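Asker: Quick one: sequence plus predicted model below, questions after.
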Amino acid sequence: MASISVAPVDRVFVLTGAGISAESGLPTFRAEDGLWAGYSVEDVCTPEAWKRDPAGVWAFYAARRAAGLKAEPNPGHIALARLEARLGDRFFLCTQNVDDLHERAGSVRLVHMHGELAKARCERECGRPPVEDRTIYRSLDEVGRCPCGGRLRPHIVFFGEIPLEMEHIEREIAKASLMVVVGTSGSVYPAANFVHWARQGGARTVYVGPEPPLNASAFTHVVEGKAGEVLSGLFQVR
Ligand code: NAD
């Protein structure tokens with residue numbers, strides 16, 4: 001079994017993708033047929049889709065909310081929360097996932113760069129912050145409005161939109177001496193570039209997943225296996 005040593009001077013940056021939630025029963029993004037849970041990305045996850053068919057976009061995210069509510073954190077999420085509990089401020093987690101399984105496992109120092117399923121925000125970008133919203137909408141008529149009058153949209157970064165918290169993320173990568181990337185295919189940017197930025201800063205870079213990602217050559221170690229089986233025994237904290 002591989003092991004990664006974490007020294008008292010190390011700062012750890014973790015990036016997770018859909019793969020870490022796979023063992024919780026949430027489907028990953030890139031199915032063989034190019035569909036995500038039976039939908040094409042263009043139909044449900046782009047600004048154009050939102051303009052053309054907001055009811056269809058909400059129907060898709062309502063179904064994702066329902067699935068997310070039923071899912072439970074798995075040993076991979078729990079191992080990362082335990083690592084954070086040991087490292088404190090020397091740990092930072094960036095997830096591409098929109099589920100809340102990291103929080104429910106106990107992670108605290110984390111950002112959701114692609115948004116959060118359990119929130120909604122004004123479609124007019126009026127400046128009001130996202131609001132908690134766990135409603136499983138059955139029709140567009142049920143969807144609320146912002147005080148400014150704009151319709152609420154899912155707090156999700158659609159393809160073609162700029163990910164959230166990028167300056168914060170870049171600062172954390174610059175400080176990291178160890179980057180651990182879990183369960184992401186290395187095909188969605190800018191997240192697929194994080195490993196290159198970390199290498200430029202001299203960090204060790206480790207990938208964990210059942211198969212090498214597209215950007216595998218940028219990692220100093222690739223640990224092949226499922227997150228839920230590998231992560232709990234991976235770190236030797238000194
Ligand atoms: P992806 O589907 O492109 O890649 C998933 C990766 O996970 C694959 O490389 C696969 O080998 C790996 N994997 C599968 N099972 C695993 C396991 N048990 N342990 C570890 N790795 C495993 O997903 P992506 O790279 O995250 O990018 C797609 C985008 O889809 C993300 O931006 C994300 O926002 C979104 N997404 C989120 C969720 C979620 O919130 N749970 C689910 C699906 C997609």
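Answerer: Great, that's in hand.
Asker: Mind listing the strands the longest strand anywhere in the chain pairs with, and their directions?
Answerer: Using DSSP state E to define each element, the chain has its longest strand at strand 115-122. Paired neighbours of strand 115-122 in the sheet (DSSP bridges): strand 131-132 (antiparallel), strand 152-156 (antiparallel).
Asker: Indicate whether the helix or strand just after the longest one makes contact with the ligand.
Answerer: Right, the one you point to is strand 152-156. Sequence-wise, the next helix or strand downstream of strand 152-156 (DSSP states H and E) is helix 166-175. No. Judged by Cβ under 6 Å from any ligand atom, helix 166-175 stays clear of the ligand, getting no closer than 13.6 Å. (Glycine included, C-beta is placed from N, CA and C.)
Asker: Pull the residues that contact helix 166-175.
Answerer: Helix 166-175 is touched from outside by 11, 13, 92, 94, 111, 113, 179, 190, 194, 197-198, 201, 203, with contacts defined as Cβ atoms under 8 Å, 6 or more residues apart in numbering.
Asker: Reformat the residues you listed as JSON lines; add pLDDT.
Answerer: Formatted as JSON lines, those follow (pLDDT from 0 to 100):
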{"residue": "Arg11", "pLDDT": "98"}
{"residue": "Phe13", "pLDDT": "98"}
{"residue": "Phe92", "pLDDT": "98"}
{"residue": "Cys94", "pLDDT": "98"}
{"residue": "Val111", "pLDDT": "98"}
{"residue": "Met113", "pLDDT": "98"}
{"residue": "Met179", "pLDDT": "98"}
{"residue": "Pro190", "pLDDT": "96"}
{"residue": "Phe194", "pLDDT": "98"}
{"residue": "Trp197", "pLDDT": "98"}
{"residue": "Ala198", "pLDDT": "98"}
{"residue": "Gly201", "pLDDT": "95"}
{"residue": "Ala203", "pLDDT": "98"}
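Asker: Which members of those are positioned in strands?
Answerer: Using DSSP E, the contacts of helix 166-175 in strands are 13, 92, 94, 111, 179.
Asker: Pull the most distant pair out of these.
Answerer: The most widely separated members of those are Val111 and Met179, with 14.9 Å between them, by Cβ to Cβ.
Asker: What residues does this protein have near the ligand?
Answerer: Within the chain, the positions adjacent to the ligand are 17-23, 26, 28-30, 96-99, 114, 182-185, 187-188, 209-211, 213, 226-227 by Cβ under 6 Å from any ligand atom.
Asker: Off-centre distance for the one helix or strand His102 maps to?
Answerer: Taking DSSP H and E as the definition, one finds His102 inside helix 101-105. Computed by Cα atoms, centre = their mean, to the nearest Å, the chain-centroid distance of helix 101-105 equals 12 Å.
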